[in-house]
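K.L.:
Predicted model and sequence follow; I will ask about them next.
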Amino acid sequence: MALSTKQQYRSELGVVSEVLQITMDCGMQGAIISSIARRANLSHYTAMEKCQKLIEFGLMESRADKKSRSFVITEKGIKFHQEIQKFIEIAQEIKIRY
């Protein structure tokens, strides 16, 4: 399957970084899964899978109220996201795919 020139393959690290960025942008009220899926261009199932993985590692928390469930980045998640961003910048500078 060939990728078009406009479409760029995203690594697992790239997707995780994007999910963390989305939850960070939403602040303490968090982001609902449909918003995460839409903004990260992921299926609902894939977005849930990534969020569950991030929760297991303490990088995000899930908060439920009567009508919805939201995902909030943790302090550990913010630090991890900052480190990912540093890595991505260096990887781009030396032209390696991450």
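P.N.:
Yep, it's here.
K.L.:
Contacts only, for Ser70.
P.N.:
Cys26, Gln29, Gly30, Ala31, Ile32, Ser62, Arg63, Ala64 (Cβ atoms under 8 Å, 6 or more residues apart in numbering). Glycine gets a C-beta too; all of them are placed from N, C-alpha and C.
K.L.:
Against Arg10, how distant is the last one?
P.N.:
What it means is Ala64. Distance from Ala64 to Arg10, counting by Cβ to Cβ, to the nearest Å: 29 Å.
K.L.:
of those two, who's got more company?
P.N.:
Arg10 (15 against 8; other Cβ atoms under 10 Å).
K.L.:
Wait, a strand at that one?
P.N.:
No. Arg10 sits outside any strand when classified using DSSP: H, G, I helix; E, B strand; the rest coil, being coil.
K.L.:
hmm, who's touching the helix or strand encompassing Gly77?
P.N.:
In this assignment (DSSP states H and E), Gly77 forms part of helix 75-93. Contacts with helix 75-93, where a contact means Cβ under 8 Å, 6+ apart, come from 13-14, 16-17, 20-21, 23-24, 54, 58-60, 73, 97-98.
K.L.:
model confidence over it, on average?
P.N.:
Average pLDDT, helix 75-93: 93.
K.L.:
Test for you: state the pLDDT assigned to the most centrally placed residue in the chain.
P.N.:
Closest to where the C-alpha atoms of the chain average out (Cα atoms, centre = their mean) is Val19, at 1.5 Å. Val19 is assigned a predicted lDDT (pLDDT) of 97.
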